[in-house]
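Trainee: Provide a 3D model corresponding to the input given below.
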Amino acid sequence: MLFQARDLAAPRFSPSDRFAVFLPGQENARRPSAIDGARGLRSRKQMAATLTASDLDTIRRCTLFHGLAPRMVERLIAPATVMSLDKGATLFRQGDPACAVFIVIDGWVKLYRITPAGEEAVIYLFAKGDNFAEAVAFTGQPYPAMAETASKARIVRISANHVIACIREEPDIALAMIGSMSLHLHRLLAEVEQLKAQTGVQRVAEFLASLAGIERGACTISLPYDKVLIAGRLGLTPESLSRAFAKLRPLGVDVRPRSSKGAKTW
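Mentor: Below you'll find the predicted structure:
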């Protein structure tokens, strides 16, 4: 099944196409408190020597190291720390001194700010292979937002001072950093365009299509995080997200709790 936002205006699905979406369990619905995050950090396991071959491949393919020679990558990650974190662990808070760069090995990390009204505004969600916080870490300025794990996650932490020292000796590293920061900027511009030009239903449809992994035919997917976070990611309220799911139902999108029986592709 070809399922993209533009299809909402002129559907091209066959009546037999189905798109099943399974919601995370209710245990993920509770928003973690600051105490939860602190506990997550205190209980994390720091294992500087447990990067697997798959982990190293993920690190080498991240945009932060794109185009760098293997020896440069090895040097950059030599003192890196691997953190195994529970959901709700705080990596840094808004206003904290920026002192590290992060790479997601597994799981999800949300970047967000707290509005003057005390509400949470999700800026971005980082997935496996994404790097973040490099721009601010090299300026010496405080982190402008908060980063928190949205699921169980394994994160690589690299000291900003170490990266800066490597740049001074290997200027080519700086070019890779500029490329990574440029990509982040393009992503943010795309997000702004999406919020301005698309309806809520179109944004939800595009989000689901990005998770499907196929272009045609029926499929079943599990949402990677809870509905509240998905709504924040798409610039919607949870109620608006539920209404968008309902509007997509006639187009073949079937939303069920993850615990539903018979989780099969049609």
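
Trainee: I'd like the next helix or strand past the helix or strand hosting Val101.
Mentor: Using DSSP states H and E, Val101 maps to strand 100-106. Going down the chain from strand 100-106, the next helix or strand is strand 109-114, by DSSP H and E.

Trainee: just how off-centre is that following strand within its chain?
Mentor: Distance of strand 109-114 from the chain centroid (C-alpha atoms, centre = their mean, to the nearest Å) equals 10 Å.

Trainee: do the same with stretch 148-156
Mentor: Offset of stretch 148-156 from its chain centre (C-alpha atoms, centre = their mean): 10 Å.

Trainee: Burial check on Asp86, number of neighbours?
Mentor: 18 (other C-beta atoms under 10 Å). All C-beta spots, glycine's among them, are computed from the backbone N, C-alpha and C.

Trainee: ditto for the one 10 residues further on
Mentor: Neighbour count of Asp96, defined by other C-beta under 10 Å: 13.

Trainee: so what's it closest to, chain neighbours aside?
Mentor: Nearest-residue entry for Asp96: Tyr143, 5.1 Å, with adjacent residues in sequence omitted and distances by C-beta to C-beta, 6 or more residues apart in numbering.

Trainee: Against Leu208, how distant is the one you found?
Mentor: Note on Tyr143: its distance to Leu208, by C-beta to C-beta, to the nearest Å, is 31 Å.

Trainee: Neighbour count for those two, which is higher?
Mentor: Neighbour count, other C-beta under 10 Å: between Tyr143 and Leu208, Leu208 has more, with 23 against 20.

Trainee: picking up where we left off before, let me know the distance separating the residue nearest to Asp96 from Ala117.
Mentor: 21 Å.

Trainee: what's the answer for Val109, then?
Mentor: From Val109 to Ala117 the distance is 24 Å (C-beta to C-beta).

Trainee: Neighbour count: the two, which is higher?
Mentor: Val109 (23 against 6).

Trainee: thought that one was touching Phe126?
Mentor: Yes: with contact taken as C-beta atoms under 8 Å, Val109 and Phe126 are classed as touching, separated by 4.5 Å.

Trainee: Return every residue with contacts to both of the two.
Mentor: Listed as contacting both Val109 and Phe126 by C-beta atoms under 8 Å, 6 or more residues apart in numbering are Phe132.

Trainee: Which residue ranges of the stretch 101-250 of the chain form helices?
Mentor: Assigned by DSSP state H, counting those that start in this stretch, the helices in the stretch 101-250 of the chain fall at 134-137, 160-169, 172-197, 200-212, 227-233, 238-248.

Trainee: Nearest to Gly88, out of those?
Mentor: With C-beta to C-beta as the measure, helix 227-233 is the member of the helices of the stretch 101-250 of the chain nearest Gly88 (11.5 Å).

Trainee: Can you tell me which helices and strands that closest one packs against?
Mentor: Other elements packing on helix 227-233 under the criterion 3 or more C-beta pairs under 8 Å, 6 or more residues apart in numbering; DSSP states H and E are strand 109-114, strand 120-126, helix 238-248.

Trainee: will you turn those into a markdown table that also has mean pLDDT and distance to Ile164?
Mentor: Rendered in a markdown table, the data for those read as follows (pLDDT from 0 to 100; distance: least, C-beta to C-beta, whole Å):
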| stretch | mean pLDDT | distance to Ile164 |
| --- | --- | --- |
| strand 109-114 | 92 | 22 |
| strand 120-126 | 88 | 22 |
| helix 238-248 | 89 | 41 |
